[in-house]
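What shape does this take:
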Amino acid sequence: MKVLVYVTDGSRGDVQPYLALAYALNRAGHTATLVGPRLYGDFAAEFDVPFAPLNDELVRLQSSPEVRGLYLNNDDPQVQRRLRESTIALFPRVFPLMMREMWDAASDGADLIVYSPSSRQVTHQIAERLGVPHVLASLYPHHVVSREYSPGPGLRPTATNLEDHARVNRPLEPPLSDWVGQWRTDVLGLAPRDDYTDFRTDVHGNPTPVLHGFSPHVLKPAADWPEWVHTTGFWTLPRRPDWQPPAELVRFLEQGPTPISVGFGSMFGGDPEATGELVVEAVSAAGERAVVVEGWGGIRVVDPPENVMVVRDVPYDWLFPRVRAAVHAGGTGTYNAALVAGLPQMACPFHNEQQMWADHVHGLGVSAPPVKFRELTAEALRSGIVTATTDPAIARNAQRLAEKLSPESPLEDAVRVLERVRRAGSGRRA
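Just a heads-up that it's a prediction; the model follows:
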């Protein structure tokens with residue numbers, strides 16, 4: 001089975017689950033290509049996953065210090081407007097180019113199209129042109145109409161939930177709809193149709209299968225989700241077989257009390273050195289040792305004290321079983337790794353989607369109360385660390401949830417779902 005896995009934007013953490021899907025498909029004997037922003041080509045190469053590059057100017061803009069600073073306040077309507085404006089300014093040049101590149105990636109055909117929500121308005125039309133089934137793969141529950149989950153960053157339903165779903169998932173508006181419509185007819189050679197940007201159905205009106213990359217034990221499937229919604233668990237990349245932990249890190253872990261982990265991944269906000277000073281102050285005030293994972297720019301510790309070990313990057317599936325709590329930004333991948341390891345947590349979310357997970361995981365009783373990164377102080381972080389490391393209920397709940405997650409095989413289950421979709425063929429449910 002030849003599969004194209006599309007993810008058109010996002011951070012390294014956003015792309016990683018889709019790379020994991022492609023990797024798992026290839027391990028199962030299929031041929032899967034990741035289609036994504038050009039700057040992630042080396043990431044795919046680390047796992048020998050074929051890669052088709054897309055223009056990455058939008059991702060680089062989203063990764064710039066200026067825009068990342070805006071994300072710290074992205075619950076503010078004025079900031080949301082500025083974020084939209086900064087993105088839309090690139091669209092006249094970048095969006096048509098990306099659509100051409102997305103179609104170029106399919107020039108050799110495919111048996112199945114899998115895509116992230118960021119490309120949902122476009123990629124299903126490539127599947128229509130090829131006459132193959134397509135699957136929406138999402139890390140969030142927002143894209144399936146439900147009375148139980150809202151269509152936006154928050155999970156809690158409202159009295160107008162169904163109407164809200166219709167509003168959020170409405171068709172594209174000009175100029176995007178004009179560009180997509182022209183691309184559809186001029187490049188794909190498809191006939192115009194009124195609902196061409198509606199990703200929720202295929203050309204025959206049948207529902208699009210949805211693959212959810214989160215655990216049903218973490219986020220309960222809605223009672224009104226239909227049979228074509230499949231919830232498998234989070235899609236995690238395996239550790240590279242040639243990876244070895246730094247000797248200094250191993251010594252640090254072995255030569256003292258069990259430390260905590262602190263890291264914000266690829267998130268960036270404010271001054272990284274000031275964040276590093278804040279983290280060191282809070283960790284020391286809490287009486288803890290810590291492994292600080294600097295990641296891709298969010299933290300920089302210039303002169304770490306003896307109770308702090310600094311690393312650039314380390315696989316969480318290796319590190320988390322060796323620490324006793326995790327402080328992080330609230331990304332889905334980090335949450336999953338900490339939950340699987342049975343770790344008490346504290347989240348410092350940078351934006352709305354991370355806040356959603358932070359609130360939800362706190363509600364599960366496995367985390368200290370979250371503190372938004374923009375409101376983080378050394379005292380707030382110290383207090384959260386103390387709660388995460390001393391509250392017996394949090395430790396107990398985290399261990400019980402980890403026991404429920406242990407039997408899951410998310411990637412294997414996801415591959416089986418995709419195989420069933422392919423066997424069912426275009427225009428049929430799976």
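
who does the lengthiest strand in the chain pair up with?
Counting by DSSP state E, the longest strand found in the chain is strand 31-37. Here strand 31-37 has these sheet partners by DSSP bridges: strand 2-6 (parallel), strand 51-54 (parallel).

mind listing what L319 touches?
L319 is in contact with 261, 291, 293, counting by Cβ atoms under 8 Å, 6 or more residues apart in numbering. Any C-beta I mention is one placed from the backbone N, CA and C, and that applies to glycine too.

ok, what's across the strand from the last one?
Spelled out, it's V293. Beta bridges link V293 to G263, V311, judged by DSSP bridges.

In contact with it, which residues?
For V293, the contacting residues are 261-263, 265, 299, 311-314, 319, by Cβ under 8 Å, 6+ apart.

can we see that at 10 Å?
Counting by Cβ atoms under 10 Å, 6 or more residues apart in numbering, V293 makes contact with 261-265, 299, 309-314, 316, 319, 326, 328, 334.

Let me know which of the strands paired with strand 31-37 is the nearest to L405.
Ranking these by proximity to L405 (Cβ to Cβ) places strand 2-6 first, at 24.0 Å.

Mark which of the contacts of V293 are buried, thanks.
Among those, those classed as buried by 16 or more other Cβ atoms under 10 Å are 261-265, 299, 309-311, 314, 316, 319, 326, 328, 334.

Only the buried residues of stretch 26-33, if you could.
Within stretch 26-33, the residues that count as buried by 16+ other Cβ under 10 Å are 26, 30, 32-33.

One more: stretch 278-290?
Neighbour-count burial for stretch 278-290 flags 278-280, 282-284, 286, 288-290 (criterion: 16+ other Cβ under 10 Å).

Please dump those into CSV; it should also carry distance to E403, pLDDT and secondary structure for every row.
CSV is the format used below for the buried residues of stretch 278-290 (distance: Cβ to Cβ, whole Å; pLDDT from 0 to 100; DSSP: H, G, I helix; E, B strand; the rest coil):
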residue, distance to E403, pLDDT, secondary structure
L278, 34, 97, helix
V279, 31, 97, helix
V280, 34, 98, helix
A282, 30, 98, helix
V283, 29, 98, helix
S284, 33, 98, helix
A286, 28, 98, coil
E288, 26, 98, coil
R289, 27, 99, coil
A290, 26, 99, strand
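
Tabulate those residues (JSON lines), appending distance to V3.
Formatted as JSON lines, these follow (distance: Cβ to Cβ, whole Å):
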{"residue": "L278", "distance to V3": "44"}
{"residue": "V279", "distance to V3": "41"}
{"residue": "V280", "distance to V3": "45"}
{"residue": "A282", "distance to V3": "45"}
{"residue": "V283", "distance to V3": "44"}
{"residue": "S284", "distance to V3": "49"}
{"residue": "A286", "distance to V3": "47"}
{"residue": "E288", "distance to V3": "45"}
{"residue": "R289", "distance to V3": "44"}
{"residue": "A290", "distance to V3": "41"}
